[in-house]
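Student: Quick one: sequence and predicted model below, then my questions.
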Number of protein chains: 2
Amino acid sequence: MRGRDCSIANALAVVGERWSLLALREVMLGVRRFDQIARNTGASRDILTTRLRGLEAAGVLERRQYEAHPPRYEYVLTDAGRALNTVLLTLMQWGDRYVTEGEPPAVWRHSCGAELQVKTVCAECGEELRPSSLTPIRVGAVPA
Amino acid sequence: MRGRDCSIANALAVVGERWSLLALREVMLGVRRFDQIARNTGASRDILTTRLRGLEAAGVLERRQYEAHPPRYEYVLTDAGRALNTVLLTLMQWGDRYVTEGEPPAVWRHSCGAELQVKTVCAECGEELRPSSLTPIRVGAVPA
DNA sequence: TGATAGAGTTGGAATTCAGGACTTACAGGA
DNA sequence: TCCTGTAAGTCCTGAATTCCAACTCTATCA
């Protein structure tokens, strides 16, 4: 595994495989069951099994038995998994603006009453991020 | 292409394949040349070619000839590509917190002077997003 | 008794990927 | 002139993944 030392790469090693983020989207929507996740994502069942195990091993999901006889399981988010909601919403908004044609397929309401639009800001000053307002202080090294 | 109608899925169709986001990370860092992008991401050259062509076709990157003899090209971001910086930074921060061990490999400075930490907020009220403050108004349908 | 549901497994075909060698086009140095 | 180097790919082969459909197992429902 060569390439620049980077948390984007590390994050993608956990959630970057095909179907992983879509499975997480479903869990965030409250869908906890294997069959439903499979149907709603479109992933084939064997791959979905592999992905869910991976996400569990990475600490993003938990697999919980909710019935003993017959044994049945459901998937719930850990803290790390819940923290991905900002990533998913930011990506969704990008998709709404630059990829999806027509109306956004999904709309959320924020507790303030508004239909949610997300904004990514500097935590310190609160200003909206623009590429031109950023300069790298340090970037990960690339192994020789 | 089954699965829920969703801008996350649509966005991932454009940037969700392996190496795509890492190639975009490099371009955002100012790396424009094929060889350097290949080295810094670790992608194999033929796959990288395929990805760059895909990103170009999707309107996220532009391929520009910067020298006629011999013909040489460089890659630059379009508006859509530049707009991905929030996605990348949000993902990076998640990786810093939940995946990368030790210090964050990359640090940015915001024009306000602070070392950048990003925050994802409601564009309307400015409050930081938390999963509990969101409710779906509408979600994409799943084809039968 | 048979049908249904949930949560996977299994097997084989199709696709994608890794890694390295090769190509083309030119510039500079010996 | 010949040799070497650089940039941007292309090509090839074998290995790894993914897709798809069918199958399993357990237990409840009608």
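Tutor: Sure thing, it's come through.

Student: From here on, just use CA atoms for contacts and neighbour counts.
Tutor: Fine.

Student: What lies in contact with the helix or strand of chain A with the lowest mean pLDDT?
Tutor: Ranked by mean pLDDT, DSSP states H and E, the weakest helix or strand in chain A is strand A:61-67, scoring a mean of 92. By C-alpha atoms under 8 Å, 6 or more residues apart in numbering or on different chains, the surrounding residues in contact with strand A:61-67 are A:Leu52, A:Leu55, A:Glu56, A:Pro71, A:Arg72, A:Tyr73, A:Glu74, A:Tyr75, A:Val76, A:Leu77, A:Thr78, A:Gly81.

Student: any idea which of those residues is least confident?
Tutor: pLDDT across the contacts of strand A:61-67 is at its lowest for A:Pro71, which sits at 85.

Student: can you count the residues close to it?
Tutor: Per other C-alpha atoms under 10 Å in any protein chain shown, the neighbour tally for A:Pro71 reads 8.

Student: Check whether A:His69 sits in a helix, strand or coil.
Tutor: Under DSSP: H, G, I helix; E, B strand; the rest coil, A:His69 falls in the coil class.

Student: What about it? Give its phi and psi, please.
Tutor: Main-chain dihedrals, A:His69, degrees, to the nearest 10: phi -130, psi 110.

Student: if I look at it, how far off is A:Val31?
Tutor: 21 Å (C-alpha to C-alpha, to the nearest Å).

Student: For DNA strand D, what's its nearest residue on chain A.
Tutor: In chain A, the residue that lies nearest DNA strand D is A:Pro70 (3.3 Å; C-alpha to the nearest atom of the strand).

Student: Does the helix or strand A:Leu48 falls within reach chain B?
Tutor: With secondary structure defined by DSSP states H and E, A:Leu48 is part of helix A:45-57. No: no part of helix A:45-57 sits near chain B under the criterion C-alpha under 8 Å from any C-alpha of the partner chain; the closest distance found is 12.1 Å.
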